[in-house]
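**Student:** Any chance you can model this:
(chains A and B)
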Amino acid sequence: MFGYVVVKKEEMKVKEYDTYKAVYCSLCRRMHKDYGFFSKFTLSYDFTFAALLYLSQNGGCKEFERKSCQVNPLKKCVYCKNDFQGFDRVAAMAVLLTEYKVRDNVADSSFLRSLPFRLVLPFVKGWKKKALKKFPEYQELLKNYEDGQRKAEESSEKSIDFAAEPTAILMKRFFGSLSNANKAAEYLGYCLGKWIYLLDAAEDIEDDLKENNFTPFDIKSNDPSEIERIRKEIAIPNLNVCRIEAQKAFELLDCTDFGEIIANILYLGITAKQESVLRRKEQSEKPL
Amino acid sequence: MKNPYEVLGVDKNATEDEIKKAYRDLARKYHPDNYVDNPLSELAAEKMKEINEAYDKIIEMRKSPKGQKSGSYTYNQNTTSNYPDIRRMISAGRFEDAQQLLDGVPIASRDAEWYYLNGIVAKNRGWFDQAYSSFSRAVQMDPSNMEYRQAFNSMNHSRAGYNPYGNGSYRSNDCDACNICSNLICLDCCCECMGGDLIPCC
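**Tutor:** Below you'll find the predicted structure:
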């Protein structure tokens, strides 16, 4: 995904940050094992969050071990000792979404632009096959997501809620699959999915207008002040609601472990990320 | 039933003040007003019930000579409405059915309450932008209605990125109008729990 769901490192205890890194590395190792060396480059912090959620609902990770890093053999990493089915699921969803993105890029871009994607398409298709063999129920989730996304982009009606819905539902069901259909986890997934979709859309407004791509915002002109108004009056308030609702959902989640790390992400990490992404756009797009 | 001290997160030998503070903090967090238009309202209500029972149990076990009244908070439901069926469905969590009934009302007859209920259903589905527009319209059409205004204000708080009931260690320490207002509302609720009433109209 996009790497928006991050921690605020400065506000974490050192041992919590080390645990967070261990989860990230364990996920990386899992992907290497299931889908090969190159698959781990599709890993992002967003998926690490999903793994944390899984662990928080399933007894956490009690033991760790030190082994060599998969990417840099000279480095030693700390890994979670046991294999968790949740990690398999997260790895599977990571490659499935990558496959969708690659395929989508090939379909939407010109031949030359999409060339690098065309080259990797056969590989990612192999990953998809493997992932769906392990978790066939994800097939329906992905199909609903793709169909919903297409419908939203083809619709003449400009509704943020309508456009964000497929991503929100996908994340809702995905988090449900990681938590035995826990209602709070599902709502957390819904709100976080929506937040991710809207942040990406808010970041890309200028590019989407330039390349005539779909944007969920009802924006009439290329004028920078209009774009800024949309960001301030439409995008940011909706992003804030999604974030607050995600926090409310988290409050109703009983976390056996990793609650503090997840709280850091939902209260501090994503708040800071939202601000930095949109502030960066505001500064880079300012007229000279 | 779970150990009531565990539920409130206090030590068995905690002082009465510590217990009251713990109860107040938890009641703030899981207060039904905070989840009134949220799909997890049932979960929050269960949690609230658990907290109330735990608090009552502890007070009972430590009954003081003054004989304190039971402190549970009961949520008063709105009694008069143009759309009792829709309100019933919302309470039962049947949001798709509620939406169908709402859509069935001709556009010309849609009053402030219609927009308010439409907003509630939208919010519960996660359609926050639509919920905001609907609440906006409801307040515009009937500015004196406290129920609609409360929903609109709560939405505005969230849109401003303000979560007053959030995790204690991450709560902002700003002393601003929002903070004062929500603190007063909480104080009023806790006062009502104890049998008083700080703000009569809330």
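**Student:** Chain B: helices as residue ranges?
**Tutor:** All helices of chain B, identified by DSSP state H, fall at B:4-8, B:16-30, B:41-61, B:84-91, B:95-104, B:112-125, B:128-141, B:146-159, B:177-193.
**Student:** Sorry, slip of the keys, the one I care about is the stretch 151-288 of chain A.
**Tutor:** Here the stretch 151-288 of chain A has its helices, by DSSP state H, counting those that start in this stretch, at A:160-178, A:183-203, A:205-210, A:224-230, A:236-251, A:259-263, A:270-284.
**Student:** could I get these as a markdown table with mean pLDDT and mean neighbour count?
**Tutor:** Every C-beta, even on glycine, is put in place using the N, C-alpha and C of the backbone. Putting the helices of the stretch 151-288 of chain A into a markdown table (pLDDT from 0 to 100; neighbours: other Cβ atoms under 10 Å in any protein chain shown) gives the following:
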| stretch | mean pLDDT | mean neighbour count |
| --- | --- | --- |
| helix A:160-178 | 96 | 23 |
| helix A:183-203 | 96 | 24 |
| helix A:205-210 | 89 | 15 |
| helix A:224-230 | 91 | 15 |
| helix A:236-251 | 95 | 24 |
| helix A:259-263 | 93 | 19 |
| helix A:270-284 | 88 | 16 |
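**Student:** picking that back up, out of the helices of chain B, the one nearest A:Glu260 is which?
**Tutor:** Among the helices of chain B, helix B:16-30 comes nearest to A:Glu260, with 16.7 Å by Cβ to Cβ.
**Student:** packing partners for the closest one?
**Tutor:** helix B:4-8, helix B:41-61, helix B:177-193 (3 or more Cβ pairs under 8 Å, 6 or more residues apart in numbering or on different chains; DSSP states H and E).
**Student:** give me every residue that touches B:Arg62.
**Tutor:** Going by Cβ atoms under 8 Å, 6 or more residues apart in numbering or on different chains, B:Arg62 touches B:Glu16.
**Student:** and A:Lys21, how many neighbours does it have?
**Tutor:** By other Cβ atoms under 10 Å in any protein chain shown, 15 other residues sit near A:Lys21.
**Student:** any chance of the helices of the stretch 151-288 of chain A in CSV, plus distance to chain B?
**Tutor:** Below are the helices of the stretch 151-288 of chain A laid out as CSV (distance: least, Cβ to the nearest Cβ, whole Å):
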stretch, distance to chain B
helix A:160-178, 4
helix A:183-203, 5
helix A:205-210, 16
helix A:224-230, 12
helix A:236-251, 4
helix A:259-263, 5
helix A:270-284, 7
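**Student:** and these as a markdown table, adding distance to A:Gly148?
**Tutor:** Shown next, in a markdown table, are the helices of the stretch 151-288 of chain A (distance: least, Cβ to Cβ, whole Å):
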| stretch | distance to A:Gly148 |
| --- | --- |
| helix A:160-178 | 3 |
| helix A:183-203 | 11 |
| helix A:205-210 | 19 |
| helix A:224-230 | 23 |
| helix A:236-251 | 18 |
| helix A:259-263 | 27 |
| helix A:270-284 | 24 |
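**Student:** Can you tell me which of these is nearest to A:Ala152?
**Tutor:** Minimum separation from A:Ala152 across those (Cβ to Cβ) falls at helix A:160-178, 4.5 Å.
**Student:** chain center to whichever helix in chain A runs longest, what's the gap?
**Tutor:** The longest helix of chain A (DSSP H) is helix A:85-108. On the basis of Cα atoms, centre = their mean, to the nearest Å, helix A:85-108 sits 11 Å off its chain's mean C-alpha point.
**Student:** now the angle between helix A:85-108 and the helix or strand just after that helix, please.
**Tutor:** Of the helices and strands lying after helix A:85-108 in sequence (DSSP states H and E), the nearest is helix A:115-134. Interaxial angle of helix A:115-134 relative to helix A:85-108 (axes from the mean of the first three to the mean of the last three Cα atoms, to 10 degrees): 140 degrees.
**Student:** Give me the phi and psi angles of A:Glu157.
**Tutor:** Torsion angles at A:Glu157 (phi, psi; degrees, to the nearest 10) stand at phi -80, psi 130.
**Student:** picking that back up, quickly, which of the helices of chain B bottoms out on average pLDDT?
**Tutor:** Across the helices of chain B, helix B:177-193 has the smallest mean pLDDT, namely a mean of 71.
**Student:** could you say what helices and strands that helix packs with?
**Tutor:** So helix B:177-193, by 3+ Cβ pairs under 8 Å, 6+ apart, packs with helix B:16-30.
**Student:** Would you mark the buried spots in the helix it packs on?
**Tutor:** For helix B:16-30, a neighbour-count test (16 or more other Cβ atoms under 10 Å in any protein chain shown) marks B:19-20, B:22-30 as buried.
**Student:** Output that helix in PDB with nothing but the alpha carbons.
**Tutor:** Provided in PDB are the C-alpha atoms of helix B:16-30 (Å, rounded to 0.1, in the frame of the first residue of the first chain):
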ATOM      1  CA  GLU B  16     -13.000   6.400  47.300                       C
ATOM      2  CA  ASP B  17     -11.600   9.300  45.400                       C
ATOM      3  CA  GLU B  18      -9.400   7.100  43.200                       C
ATOM      4  CA  ILE B  19     -12.400   4.800  42.500                       C
ATOM      5  CA  LYS B  20     -14.600   7.800  41.600                       C
ATOM      6  CA  LYS B  21     -11.900   9.200  39.300                       C
ATOM      7  CA  ALA B  22     -11.400   5.900  37.600                       C
ATOM      8  CA  TYR B  23     -15.200   5.600  37.100                       C
ATOM      9  CA  ARG B  24     -15.400   9.100  35.800                       C
ATOM     10  CA  ASP B  25     -12.600   8.600  33.300                       C
ATOM     11  CA  LEU B  26     -14.100   5.400  32.000                       C
ATOM     12  CA  ALA B  27     -17.600   6.800  31.900                       C
ATOM     13  CA  ARG B  28     -16.200   9.700  29.800                       C
ATOM     14  CA  LYS B  29     -14.600   7.400  27.400                       C
ATOM     15  CA  TYR B  30     -17.500   5.000  26.900                       C
END
